[in-house]
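Student: need coordinates for the below:
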Amino acid sequence: MSFTINHRYPSVKKRFAIWAALFSVGTLAMPATTLASNEIESFTTDSEHYFKSEDIFNLEYVSEVQVSPDGKYVAYVRRSNDIMTDSSRANVWLASVDGKSHRPLLSSKKSYYSVRWSPDGSRLAYLSNEEGKPQLYVRWMDTGQTALVTNVTSNPSNITWSPDGKHIAFTMSVDTKEKPLDVKMPKKPDGAKWSPSFQYITKARYQADGRGILEPAYTHIFIVPADGGTARQLTSGNYHHNGRLSFSPDSDKIYFSANRSDNWEYEPVEADIFSVDMSGNIEQLTQDKGRESSPVVSPDGKHIAYAYRDDEKVMYKNSYLYVMNSDGSEKRNITKNIDNSVSNFHWKDNKRIYFQQSVRGLAQVDLVSLSGKVETVASGLGGTTLGRPYVFGTYHAVGDVVAYTKGRTDRPADLFVTTRNERQLTALNEDVLGHKQLGEVREIVYQSSIDGEEIQGWYILPPNYDSSKAYPLILEIHGGPNLAYGPVFTAELQRMAAEGYVVFYDNHRGSTGYGERFALLLQGKYSSEYDFADHMSGVDALIEKGIADPKRLFITGGSAGGIASAYAIGLTDRFKAAVVAKPVINWLSKVLTADSGLYQIPFQFPGKPWDNVEHYWKRSPLSLVGNVTTPTMLITGVEDKRTPMSETEQFYQALKLQKVDSVLVKVPGSPHGIASKPSRMIGKVENILAWFKKYDSAHSENAKTEDTSLN
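Tutor: Below you'll find the model as predicted:
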């Protein structure tokens, strides 16, 4: 239902009540009947064809892709939402590259994911919760028979076949028994019920969002026979050995990245490349300052490709694609001319490597030679997040076949392939969105008022947009801040547009995909008048175009976008209402209570908070709360460890002390990702819409007119 029609017509409940009352006394005259019929037709048409919150439960998207070794098929993970369990489900489907075949491989109410082809293509390894806790399985492609390969107590990840097809390697967390004290407690009598034992925390990294307090454990590399058997641990020591694994061609060694320094907790961007043989002997190949990660061995075993990011203590640095000899010698940067971070490396042959990067709001797949010559082979990747329009997508390549996730502004990610020409292999959402009228997404490029910096943004028009009218506008700010939005599908923002708003979002300074210089423009300045100017200049540009009504402006954002929203309402009273989601309000307290402080203190600030109180305070929205008059809703997950609830509560209490109309919405059981479950995503956006509706003066005036007309 459009925002305009909501203003113009009474609610469904009211209309039916009126019609029922009139029918009951027999006074419904013919002219009134005709008018009501027209009204019903218009209401029904809009209600059926606009994007509704319940549509979120029916959306699907492609999240993982794997090309078969012969290049003829793509196994992919198809994600959908289950309305009965309020969860996301992952099933595995198989599509032929020529587009002639498309069928399910592993499909049920359970989840199947992390698919990996065996080197000869005869088997498919995957992870599943089919029997409860996630385990590793193998499926034989000719018969469809499956085998349970592991029976482990922790979750396997990073599964990787050995080139001879005899073993599968994976990483897994292993608990350790670390007792900081020898405490003598009296013996508990039989049948006694005492309080739970005390919990001891000794590590600097003692918590993680989504996991809570971390029990002492370390991630290690395991290997298991592909036909099933006992998983054997290869690495040792109190270090984490996680991330991508890569075998040597003879299957005798596994290459990996780790920080095996005793100071690893305090070195968030330090890691080196190692190898471990089947006897557990570990050899270090690199020792540069910074993070060397994601090693991938060339088919002939002579070279190793890997990612490298230097250790400069700033909020963002590009990660480059390096290549070295398999013994660690002759390291060289082969993407030095690319001013963006690169990732997801796959050797095409012994001389060329595929990789992925984000450029101006979309991801793309490129191919680089060992001499550094680059060509783009696929573009427009994205659509793997349903809620907000983040630039997330993925691909996999074998030879000339590149499979990838690609959506549109009106569709989440589908499966695409290219072998020189692009082919779309799936259309997962035509049943849900094919008959819907979604908001049109348009690009806008403008200069920031503070210094003329070019900013790229997009705005979504309401369905049935009328260019002769100015519409209420919602400014929605992305998180990070070193992330980016793009012209991709977004359920949350499309819901806002369906309610009659123009929805504006931009990639302000600090966003990625625009080079390292642009990403570092917020170093020591987040949040500040600089990113604020980037947002407001876009808002003013849309007002100047006659698209946005200057008297009906609203603002929202989550995480880093929540920080920016809270900061903005301390600098201006132009917004009628604000929704601040999972924010940082006081940097002095945040870095000492959240799970990310060990990184943020040295990389985003000039020093420790007690030595730089003025700087931390200036960056904090709480420093501006005395200026705030904007009605504000706050919404945060109760279990959030990234931007703890204490941050939100500080702002709420401060607003109440200032007598600013405000409401605190707590999301039970939710970590930082408050929209990670379908109902939570719906709850988030519908609460935002309800808050803005409450403070939209035009809506209030129309509501009064509506009530008068019904008397």
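Student: does the closest residue to Val625 other than its chain neighbours belong to a helix, a strand or coil?
Tutor: Excluding the flanking residues, the one nearest Val625 by C-beta to C-beta, 6 or more residues apart in numbering is Ala654, at 4.5 Å. Every residue, glycine included, has its C-beta placed from N, CA and C. Here Ala654 takes the helix state, with states given by DSSP: H, G, I helix; E, B strand; the rest coil.
Student: give me the pLDDT for Ala654.
Tutor: According to the prediction, Ala654 has pLDDT 98.
Student: from memory it sits against Ser623, does it?
Tutor: No - using C-beta atoms under 8 Å, Ala654 is not in contact with Ser623; the gap is 10.5 Å.
Student: about what we covered before: burial count for the residue nearest to Val625?
Tutor: The number of residues packed near Ala654 is 18, by other C-beta atoms under 10 Å.
Student: now do the helices in the stretch 501-650 of the chain.
Tutor: Ranges of helices in the stretch 501-650 of the chain, per DSSP state H, counting those that start in this stretch, are 516-519, 529-544, 560-568, 587-590, 597-604, 613-618, 645-657.
Student: quick check: which of these is nearest to Ile460?
Tutor: Ranking the helices of the stretch 501-650 of the chain by their distance to Ile460 (criterion: C-beta to C-beta) puts helix 529-544 first, at 11.3 Å.
Student: the closest one packs against which elements?
Tutor: The contact analysis (3 or more C-beta pairs under 8 Å, 6 or more residues apart in numbering; DSSP states H and E) places helix 529-544 against strand 441-447, strand 454-460, strand 471-477, strand 502-507, strand 548-558, helix 560-568.
Student: contacts for the fourth one?
Tutor: Contact partners of strand 502-507, identified using C-beta atoms under 8 Å, 6 or more residues apart in numbering, comprise 360-361, 389, 439, 444, 455-462, 471-478, 484-486, 493, 496-497, 513-514, 534-535, 538-539, 542, 547-548.
Student: following the helix or strand Ala305 falls within, which helix or strand comes up?
Tutor: Assigned by DSSP states H and E, Ala305 belongs to strand 303-309. Later in the chain than strand 303-309, the nearest helix or strand by DSSP H and E is strand 320-325.
Student: and that next one, C-alpha only, in PDB?
Tutor: The C-alpha atoms that make up strand 320-325 are tabulated as PDB, following Å, rounded to 0.1, in the frame of the first residue of the first chain:
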ATOM      1  CA  TYR A 320      46.800  -6.900  -2.400                       C
ATOM      2  CA  LEU A 321      47.400 -10.100  -4.300                       C
ATOM      3  CA  TYR A 322      50.900 -11.400  -3.900                       C
ATOM      4  CA  VAL A 323      52.600 -14.400  -5.500                       C
ATOM      5  CA  MET A 324      55.700 -16.100  -4.100                       C
ATOM      6  CA  ASN A 325      57.600 -19.300  -4.900                       C
END
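Student: where does this structure have low pLDDT?
Tutor: Along the chain, the parts satisfying pLDDT under 70 run over 1-47, 698-711.
Student: switch the cut-off to 90
Tutor: For the chain, the stretches with pLDDT under 90 are 1-48, 131-132, 176-182, 197-206, 208-216, 228, 420, 697-711.
Student: Three-state assignment for the residue at minimal distance from the centre of it, please.
Tutor: Computing the C-alpha centroid of the chain and ranking residues by C-alpha atoms, centre = their mean puts Thr385 first, at 6.0 Å. When classified by three-state DSSP, Thr385 comes out as coil.
Student: so how far is Leu483 from the nearest residue to it once chain neighbours are set aside?
Tutor: Ranked by C-beta to C-beta, 6+ apart and with sequence neighbours excluded, the top spatial neighbour of Thr385 is Phe392, at 5.2 Å. According to C-beta to C-beta, to the nearest Å, Phe392 stands 9 Å off from Leu483.
Student: for stretch 457-474, buried residues please.
Tutor: Of all the residues in stretch 457-474, those buried under the rule 16 or more other C-beta atoms under 10 Å are 457-463, 465, 470-474.
Student: gap between it and the chain center?
Tutor: Stretch 457-474 has its C-alpha centroid displaced from the chain centroid by 26 Å (C-alpha atoms, centre = their mean, to the nearest Å).
Student: which SS state does Ala403 fall under?
Tutor: Following three-state DSSP, Ala403 is assigned to strand.
Student: just checking, it touches Val417?
Tutor: Yes - counting by C-beta under 8 Å, Ala403 touches Val417, with 4.8 Å between them.
Student: comparing these two, which residue is more hemmed in?
Tutor: The neighbour comparison of Ala403 against Val417 (other C-beta under 10 Å) goes to Ala403, with 30 against 26.
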